[in-house]
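Participant: here's a sequence, model it:
(chains A and B, ligands or ions: 1)
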Amino acid sequence: MAELLPTHPLEAWSTAFERLPDTVRVVVEPFVAMVDVRLGDVGSQARSRLGVDLPTVPNTWVSTDAGRVVWLGPDEWLLTSTTEAPEELEARVRTAVLPMGGSAADVSAQRIGLRLTGAHARDVLAKGCSIDVHPRAFCRGSSVQTTLGLAGVVLLALAGDDYLVLVRSSFAAYLADWLLDAVLEFSTTHHS
Amino acid sequence: MQLIQCPWCGPREEVEFHYGGQAHVAYPDNPAELSDQEWAHFVFFRDNPKGRFAERWCHSVGCRRWFNAIRDTVTYRFECVYRLDDPKAVTS
Ligand SMILES: [Zn+2]
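Facilitator: Numbering: from 1, shown residues only, chains lettered A, B, ... in the order given. As a prediction, the model looks like this:
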């Protein structure tokens, strides 16, 4: 039986991304483990059992020791980890939230991350996103679920001119093409 | 484009939302005792006011939560939005 090797949906775009100018860099993030957590009651118990405060302010995210927690809804969060395998993270989080009536599901394969940086990163986002991503309204710790182009995304502000776009794997190719097109006017080299 | 206020996420463009019809349509207390005609009324019959209407909306692209809104069907203006566990807003 042939060995099944994991491939990234945007492997074919890496060369095109490398050619982008410094004013708009698009970097494909490595795979990380992601778990979707549903929990109705976020008391002090949740913190001690999970080891992290689940953010209750809509459209925010917080750092953890080895990843992030993103608010997805009043009873839903996305936990990511760069040090745990997906099944390890799922098992740990599930054990923590199950006694409180919560649930955890491994969604690592659901989305991939694209890092968007540079002086024109915000201009590129503005071409296909109705959210105000100016640092005064969308600073580090802000997140938003909305559409970029026609793809649903989770957008995180990591710093000024530094954004993380989480997009469903099946929409990744579309969004990669969309980004390359949106970046075109900021590229100094034109290919005819 | 019209902005709709999500009770959790704040104002967003209307394309982020999905319409869910009339709000506060109560499920029958004794569904087994309903006649076919009464079932048809529960499933298919809805108010169609000219003016303020209590409706269900879902922030489908954002937090994916359902909420209720009072919308004027003449002007398309949203008067208020409220969560499903909030009491029904006054419509008239
Ligand atoms: Zn929302």
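
Participant: and the helices in chain A?
Facilitator: Here chain A has its helices, by DSSP state H, at A:14-18, A:44-50, A:86-97, A:121-126, A:169-183.

Participant: save those as a markdown table, and put in distance to chain B too.
Facilitator: Placement of C-beta: from N, CA and C, glycine included. What follows is the helices of chain A, written out as a markdown table (distance: least, C-beta to the nearest C-beta, whole Å):
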| stretch | distance to chain B |
| --- | --- |
| helix A:14-18 | 26 |
| helix A:44-50 | 19 |
| helix A:86-97 | 19 |
| helix A:121-126 | 14 |
| helix A:169-183 | 12 |
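
Participant: A:Asp36: which of the ones you listed is closest?
Facilitator: Evaluated over those, closeness to A:Asp36 peaks at helix A:86-97, with 9.4 Å, by C-beta to C-beta.

Participant: counting contacts, what elements does the closest one pack onto?
Facilitator: strand A:33-38, helix A:44-50, strand A:76-81, strand A:103-106 (3 or more C-beta pairs under 8 Å, 6 or more residues apart in numbering or on different chains; DSSP states H and E).

Participant: show me where chain B has strands.
Facilitator: Secondary structure of chain B (DSSP state E): strands located at B:3-6, B:10-13, B:18-22, B:52-58, B:66-72, B:78-83.

Participant: who wins for proximity to A:Ala176 among those strands?
Facilitator: For those, proximity to A:Ala176 was assessed by C-beta to C-beta; strand B:10-13 is nearest, at 23.6 Å.

Participant: the closest one: which residues count as buried?
Facilitator: B:Arg12 (16 or more other C-beta atoms under 10 Å in any protein chain shown).

Participant: spit out the contact partners of A:Ala33.
Facilitator: Contacts for A:Ala33 (C-beta atoms under 8 Å, 6 or more residues apart in numbering or on different chains) come out as A:67, A:80-82, A:84-86, A:88-90, A:106, A:108.

Participant: thanks a lot, catch you later.
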